[in-house]
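Visitor: no letters, just coordinates:
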């Protein structure tokens, strides 16, 4: 499925159940795990779970089986892995605590800088 179609499917599923503060992060140059992250807030653990379930149901209805779902009922954070798009649905408190938007924005945004950072990290790890 094309990434824009996948993104729109997830955003529509979130908006359908009134997710709040939906944010999109292009992380394609920062990681090989996924290309796009969507972050949304729910108003309660039940709302967070319902939002995640709606994303999963809409994906399955479009012929796409999610790669995984982490979290669940009574969770303040649920992650739905759709491959090229990863959806984080969080309570506002968890979202403020983990601040994924800032975390990903602070990472170097070119492959050379990322490789250099990883190299320095690996060197420090082997010295320990």
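Guide: Ah, there it is. Note that the coordinates shown come from a computational prediction; the quantities given were computed from them, not determined experimentally.

Visitor: right, and residue 42 touches residue 14 too?
Guide: No. Residue 42 is beyond contact range of residue 14, at 9.2 Å (criterion: C-beta atoms under 8 Å). Yep, even glycine has a C-beta here, placed from its N, CA and C like the rest.

Visitor: these two - which one has more neighbours?
Guide: Looking at residue 42 and residue 14 with other C-beta atoms under 10 Å, you find the greater number of neighbours at residue 42, namely 27 against 24.

Visitor: ok, now which ones touch that one?
Guide: 19, 20, 48, 50, 51, 89, 90, 91 (C-beta atoms under 8 Å, 6 or more residues apart in numbering).

Visitor: what do you get for residue 83?
Guide: Applying C-beta under 8 Å, 6+ apart to residue 83 gives the contacts 6, 34, 64, 67.

Visitor: try it again at 7 Å.
Guide: By C-beta atoms under 7 Å, 6 or more residues apart in numbering, the contact set of residue 83 is residue 67.

Visitor: thinking again about what came up before, buried ones among the contacts of residue 42?
Guide: If you count burial by 16 or more other C-beta atoms under 10 Å, the buried members of the contacts of residue 42 come out as 19, 48, 50, 51, 89, 90, 91.

Visitor: thought residue 18 was touching the fourth one, still the case?
Guide: In this case it means residue 51. No. Between residue 51 and residue 18 there is no contact under C-beta atoms under 7 Å: 8.5 Å.

Visitor: ok so, going back, list residues touching both of residue 42 and residue 14?
Guide: By the contact definition C-beta under 7 Å, 6+ apart, residue 42 and residue 14 are jointly contacted by residue 51.

Visitor: residue 87 belongs to a strand?
Guide: Yes. Using DSSP: H, G, I helix; E, B strand; the rest coil, the assignment for residue 87 is a strand.

Visitor: run a quick neighbour tally on it.
Guide: Counted with other C-beta under 10 Å, the burial measure for residue 87 works out to 29 neighbours.

Visitor: same thing with the one 10 residues further on?
Guide: By other C-beta under 10 Å, 11 other residues sit near residue 97.

Visitor: element containing it, please.
Guide: In this assignment (DSSP states H and E), residue 97 forms part of helix 92-98.

Visitor: by contact count, what packs against that helix?
Guide: When contacts are defined as 3 or more C-beta pairs under 7 Å, 6 or more residues apart in numbering; DSSP states H and E, helix 92-98 packs onto strand 36-41.
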